[in-house]
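Engineer: dropping a prediction and its sequence here:
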Amino acid sequence: MEVILDKAQNQLQQNLPFVLYCKPNSDMVIGLFQQNDELYKVHDFTEKGFVFASFDGNQTYLIPENQSEIAGVVCDKKKGDVFEREFKDPSAATKNNFERLVAKGIQAIEKDEFKKVVLSRKETVDLVDFDLATVFEKLVRLYPATFVYCFFHPKVGMWLGATPEQLLKANVNVFETMALAGTQKDSGSGEIIWEKKEKEEQQYVTDYIVSVLQGVALEVSVTQPYSVKAGSVWHIKTDIWGVLNSNSSLQQVIHLLHPTPAVCGLPKEQSKAFILENENYDRSFYTGFLGELNSSFATDSVSSNLFVNLRCMQIVASQAYLYMGCGITKDSVPEKEWSESINKSMTMKKVL
Ligand SMILES: C=C(O[C@@H]1C=C(C(=O)O)C=C[C@H]1O)C(=O)O
């Protein structure tokens, strides 16, 4: 992996855009190294390259395939010891603010403004000797079942993450996606039991995704919900796949899916408005999406493979901004949602 990490460091020194990524359960790290510092935009999702899109849909950027040098190396995902730093707990004021936000979300649900809303926060941590190569390697080794990436553009900044959530995989008219929601901390033993609240919030996501896809697909299939582990938390997941109508476009399908109720809420418009009005910070690229657009660099086939930008962080000077959110329903308890956000923050803290 050193060769590709050196290339990334080199690119960074020259202030040129690049992305490094490793798909879930793959041992191939792929890099796109853009040969100029232009900020390319996606216009209609027929472009080819690596897309990086914000939550609000206002920024959808591309590292174009035809402007980049592309490299792929097989990496060793074998586990080794990962040194973990201690972090101090966020302040009582930070906790109070988040719990107040969650309580406000619950009240809005009780007033029937919407059924579910995903509320999030941003946490700043100081970096100690941040080294891109070391951190990326740790991400790949610690989270082999996730989509691990590092995206850099001089006009956007640097983001890294290890997300368990696929937004859409599409190859001609065959698609795959998932409904992922509900969270509990891994206790290291025993059967994973889900409470009604988590089952319900995940079911909302499945129902929404299936219903919007039925409008653009010939057929949609779903599995039963099952438990999956992502870092030190478990989620409930349903696999969804099918065949799109021949006249449906990738742009249309992405527009229907993003943002799903796994990261926004239900109904979409009302919950999104609540988020934009009440979260009090800019999610930026967190809960946006990213990945291969009409390209599949490890194979010759043309396909798209997009992921939701979760369990991620933004590197700004000597600090990292960590982002985490929780699905709120009528049965949420603010303090539990706070703990869930702490558990989710560990995914990135473990590699810093
Ligand atoms: C919003 C996040 O995760 C999403 C919310 C989940 C939940 O509410 O339980 C679970 C998985 C993701 O769909 C996050 O990690 O920041």
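Structural biologist: Cool, got the structure.
Engineer: show me the contacts for the closest residue to residue 157 other than its chain neighbours.
Structural biologist: Using Cβ to Cβ, 6 or more residues apart in numbering and skipping residues adjacent in sequence, the residue nearest residue 157 is residue 314, 5.9 Å away. All C-beta spots, glycine's among them, are computed from the backbone N, C-alpha and C. For residue 314, the contact set (Cβ atoms under 8 Å, 6 or more residues apart in numbering) comprises 157-159, 284-286, 320-321, 323.
Engineer: residue 292 - that's part of a strand, no?
Structural biologist: Yes. Applying DSSP: H, G, I helix; E, B strand; the rest coil, one finds residue 292 inside a strand.
Engineer: run through the residues of this structure sitting next to the ligand.
Structural biologist: 118, 120, 165, 180-183, 235, 262-263, 310-311, 324-327, 344 (Cβ under 6 Å from any ligand atom).
Engineer: in helices only, show me those.
Structural biologist: Those of the residues of the chain next to the ligand mapping onto helices are residue 344, per DSSP state H.
Engineer: got phi/psi on the most centrally placed residue in the chain?
Structural biologist: In the chain, the residue lying closest to the centroid (Cα atoms, centre = their mean) is residue 309, at 2.2 Å. Backbone torsions for residue 309, taken as degrees, to the nearest 10, come to phi -80, psi 90.
Engineer: identify the residues contacting the nearest residue to it once chain neighbours are set aside.
Structural biologist: The spatially closest residue to residue 309, leaving aside those adjacent along the chain, is residue 288, at 4.9 Å (Cβ to Cβ, 6+ apart). By Cβ under 8 Å, 6+ apart, the contact list for residue 288 reads 52-55, 59, 258, 308-309.
Engineer: and if you look at residue 310?
Structural biologist: Contacts for residue 310 (Cβ under 8 Å, 6+ apart) come out as 161, 163-165, 263, 286-287.
Engineer: quick one: low-confidence parts of the stretch 201-350 of the chain?
Structural biologist: Within the stretch 201-350 of the chain, the ranges that satisfy pLDDT under 70 run 298-300.
Engineer: tally of neighbours for the residue in it that the ligand sits nearest to?
Structural biologist: Closest contact between the stretch 201-350 of the chain and the ligand, by Cβ to the nearest ligand atom, is at residue 327 (3.0 Å). Residue 327 is flanked by 28 other residues according to other Cβ atoms under 10 Å.
Engineer: before we move on, what about residue 227?
Structural biologist: 14.
Engineer: just confirm it is within a helix.
Structural biologist: No. If the criterion is three-state DSSP, then residue 227 is strand and not within a helix.
Engineer: beta-bridge partners for it, please?
Structural biologist: Beta-bridge pairing for residue 227 (DSSP bridges): residue 236.
Engineer: got it, and residue 153?
Structural biologist: When assigned by DSSP bridges, residue 153 has beta-bridge partners residue 157.
Engineer: before we move on, back to that, buried subset of the residues of the chain next to the ligand?
Structural biologist: Listed as buried from the residues of the chain next to the ligand are 118, 120, 165, 180-183, 235, 262-263, 310-311, 324-327, 344; burial here means 16 or more other Cβ atoms under 10 Å.
Engineer: now, which of the residues you listed lie within strands?
Structural biologist: Counting by DSSP state E, the part of those found in strands is 118, 120, 180-183, 235, 324-327.
Engineer: which residues in the stretch 101-250 of the chain form helices?
Structural biologist: 132-142, 196-214, 250-257 (DSSP state H, counting those that start in this stretch).
Engineer: what about the stretch 51-200 of the chain, any weak spots by pLDDT?
Structural biologist: Short version for the stretch 51-200 of the chain, where the test is pLDDT under 70: 79-81.
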